[in-house]
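Chemist: Sequence and predicted structure, then a few things I'm wondering about:
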Amino acid sequence: MIRVSAFSRSLIVLLIVALAVVSAFPFLWMVLSSFKTAEESMQTPPVWIPGTFDLSAYSSVSEVIQTGRSLWNSAVIASVTTAGILVTSLMAGFAFAKYSFRGRNTLFAVMIATMFLPPIVTLIPLYRMVSEMGLSGSLVGVILPNLANAFGIFLMRQFIAGVPDDLIDAARVDGASELRVVFSVVAPAVVPAIAALALFAFVYHWNTYLWPLTVLQGATDEYPIVLSLGRLLSYNRGAMNTPLVMAGATMAVLPPLVLFVFLQRFFVDSMISAAVKG
Amino acid sequence: MTDVRLDKICKTYGTVEVLKDIDLSIEDGEFCVFVGPSGCGKSTLLRMIAGLEEITSGDLSIGDRRVNSLSPKERGIAMVFQSYALYPHRTVRGNMEFGLKLSRMDRREIDARIARAAKMLQIEPLLDRRPAQLSGGQRQRVAIGRAIVRDPTVFLFDEPLSNLDAALRVETRREIAALHEKLGTTMIYVTHDQVEAMTLADKIVVLNDGAVQQVGTPLELYDTPANLFVAGFIGSPRMNLFAGEAGPEGIVTASFGTLPRPDGPLPEGNVTIGIRPENLHLTSEGGARARVTLVEHLGNEILVELALADGQKAVAQGPRNHCPTPGDSVGVTIGSEPLHLFDGLGRRIETRSP
Ligand SMILES: Nc1ncnc2c1ncn2[C@@H]1O[C@H](COP(=O)(O)OP(=O)(O)OP(=O)(O)O)[C@@H](O)[C@H]1O
Ligand SMILES: [Mg+2]
């Protein structure tokens, strides 16, 4: 442990608290606003704490959008995509880390290079491909192109490279197929990386906006919650109903938040146990 | 019949030839040790037998089958790795049953085999622990247990003792020998430690630079090394080697004068004379003059490092009752054991007449 004086210690704590407040503020504001009445939300100076905790915004949300359906769509998109990314990243990461084949490094470099393409560049060509496959307007179209991703493969390759070769060979001698090696021996050895990737992927694909908007082409039944929030904004011809939007946003944020709290504990636990094992 | 035969086995990585024309036959039930310096290709050869490394050319057969293109599992082998390679997230039991479950073995049979192996290796109390909760020696037992339960026809060991401390290494070595005695299974064992090789092996294969230098029993290698490499490699401390010139009168050396011709044909020309340290004796008078540079106590015996008159170094091993001190001038004589002679190419010259 580095020795830190009591003074700089409290300074550090103060800084962390300040940062936490700054980042938590919009979130708090969102939650508080969702309980306000329409008038309270528009007052200047702003009302911080709503006079009564008014839940009507929450029930109104479902009058405008199909809340349950949208949350379900988001859950399907985020979880199927995450599962796909985990599977493909583990397998490709394993191949890049542990197989030697002609062109491996070139292939890896090309794949890394795609990470630097702004997503907007691939939006239109990707959409055309999806649409030619007859998948526009469907969740399959939203999910399919995201099932593999360069960052995930990169991350897994880095972690799997640290898994001892002997462990993999031992499993082969035990009669494990290559797939079995990946999922029964390598995956358990890189659990922290899997947890981190799962978290990133889930939150990212829960929140993603532009791609589903492009693919779904106004098929509102298939909208994930984030797109439906957009409909809350434009509802009422632009006269924004802040508590309504904030109530919708609060509902949209909760599932990934819960997942984060759950996975984070797991994440920290496995990091600690990995450190203790040495 | 689970003998292992290698016929002109070669291995190349790209353009680098790592193993050249390895011919070898290991009999059923034999304990065969591959020994050689680091990088000579021992592990590669073992891994090719295991099926973890592709065979570039040549034939490998186990029992009556050519197994070149079979997977490790189909070859019926089990392997113990230097790093133990236990699955860290599984318990000891989980480690031992992994392969058995993969082959869809009956649950009761799995439990019976694990119980038997655990008893044999005295790891019964450890079955529910994870590898991280075991000591190095215990991990090694578990790794051996994982191999035993598979009931292989050939056991492969790649330097299984090198991560253990000296005392444990001797103990585990004995246990492996006992295991071989008990199971009677063919075992192939890789080590760079020639003491391990000498104590365990029925047959030693000395490798250097990707080629077999000599195959034989431990004593054959010790008594009649086939070339200079084997002479220098087998035996600790190393054999002393002196340059000499064979002529009609005998072998002329710088330090020991002219040595009598041994029996048998002796080609004339440059030769190398090999003398084991225990065959060099110190005297106070006579013999070749030498200065003592270092004395090492082994307990009952001492090793004396000497600088001979012509500057060449030699090591003598003997009883500790006449212990010189560094700087002393002593005489060195050659004992009665036969000399080892090697020709200009380093090959053994057979001297004893048949
Ligand atoms: N995948 C590989 N690609 C290229 N060369 C390799 C590869 N694996 C091993 N080699 C080379 O093959 C030679 C033999 O290696 P090997 O591991 O069999 O040696 P070893 O006798 O087991 O040595 P040690 O005692 O250090 O374990 C070495 O020179 C090594 O550099
Ligand atoms: Mg090796």
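Modeler: Right, received. Where do you want to start? Ligands and ions are numbered 1, 2, ... in the order given.

Chemist: in the chain, which segments are predicted with low confidence?
Modeler: The chain I'm using is chain A. For chain A, residues meeting the criterion pLDDT under 70 lie at A:1-2, A:236-239, A:266-278.

Chemist: you looked at the wrong chain, it should be chain B
Modeler: Along chain B, segments meeting pLDDT under 70 span B:1, B:352-354.

Chemist: For B:Ala290, what are phi and psi?
Modeler: Per-residue torsions, B:Ala290: phi -150, psi 160 (degrees, to the nearest 10).

Chemist: In stretch B:301-316, which residues are buried?
Modeler: Residues of stretch B:301-316 classed as buried by neighbour count (16 or more other C-beta atoms under 10 Å in any protein chain shown): B:Ile302, B:Val304, B:Glu305, B:Leu306, B:Leu308, B:Gln312, B:Ala314, B:Val315, B:Ala316. For the C-beta atoms, the positions are set from N, CA and C on the backbone; glycine is no exception.

Chemist: so is the last one in a helix, a strand, or just coil?
Modeler: The local conformation at B:Ala316, judged by DSSP: H, G, I helix; E, B strand; the rest coil, is strand.

Chemist: what residues does the stretch 1-150 of chain B put near chain A?
Modeler: Applying C-beta under 8 Å from any C-beta of the partner chain, one finds that the stretch 1-150 of chain B approaches chain A through B:47, B:50-52, B:71-73, B:77-79, B:81-83, B:85-89, B:98-99, B:102-103, B:132, B:146, B:150.

Chemist: Got the domain ranges for chain B?
Modeler: Following automatic domain parsing, one gets these domains for chain B: B:4-229, B:237-352.

Chemist: Show me the one of the ones you listed that comes nearest A:Ala252.
Modeler: domain B:4-229 (35.8 Å; C-beta to C-beta).

Chemist: Now look at that closest one and say if it contacts ligand 1.
Modeler: Yes: using C-beta under 6 Å from any ligand atom, domain B:4-229 reaches ligand 1 at B:Tyr13, B:Val16, B:Val18, B:Gly36, B:Ser38, B:Gly39, B:Cys40, B:Gly41, B:Lys42, B:Ser43, B:Thr44, B:His192.

Chemist: returning to what we had before: make CSV out of the domains of chain B and add distance to A:Leu155.
Modeler: Shown next, in CSV, are the domains of chain B (distance: least, C-beta to C-beta, whole Å):
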stretch, distance to A:Leu155
domain B:4-229, 20
domain B:237-352, 51
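
Chemist: quick one: which of the ones you listed is nearest A:Met133?
Modeler: domain B:4-229 (38.2 Å).

Chemist: so how far is the first residue of the closest one from its last?
Modeler: 26 Å (C-alpha to C-alpha, to the nearest Å).

Chemist: sorry, back to before: ligand 1: which of the buried residues of stretch B:301-316 is nearest?
Modeler: Using C-beta to the nearest ligand atom, B:Val315 comes nearest to ligand 1 of these, at 24.6 Å.

Chemist: Now for the residue nearest to B:Ala211 when sequence neighbours are not counted, which secondary structure element holds it?
Modeler: Of all residues not flanking B:Ala211 in the chain, B:Lys20 sits nearest, at 5.1 Å (C-beta to C-beta, 6 or more residues apart in numbering or on different chains). In this structure, B:Lys20 sits in strand B:16-26 according to DSSP states H and E.

Chemist: what does that strand contact?
Modeler: B:3-12, B:32, B:41, B:44-45, B:48, B:58, B:186, B:188, B:203, B:205, B:210-212, B:215 (C-beta atoms under 8 Å, 6 or more residues apart in numbering or on different chains).

Chemist: Tell me which of those residues fall in helices.
Modeler: Here DSSP state H is the test, and the contacts of strand B:16-26 give B:Thr44, B:Leu45, B:Met48 as lying in helices.

Chemist: In contact with the closest residue to ligand 1 within the stretch 101-250 of chain A: list those residues for me.
Modeler: Ligand 1 sits closest to A:Asp165 of the stretch 101-250 of chain A, with a gap of 9.8 Å, by C-beta to the nearest ligand atom. A:Asp165 is in contact with A:Lys98, counting by C-beta under 8 Å, 6+ apart.

Chemist: other SSEs contacting the helix or strand where A:Thr106 lies?
Modeler: According to DSSP H and E, A:Thr106 maps onto helix A:104-114. On a contact count with 3 or more C-beta pairs under 8 Å, 6 or more residues apart in numbering or on different chains; DSSP states H and E, helix A:104-114 meets helix A:67-98, helix A:150-161.
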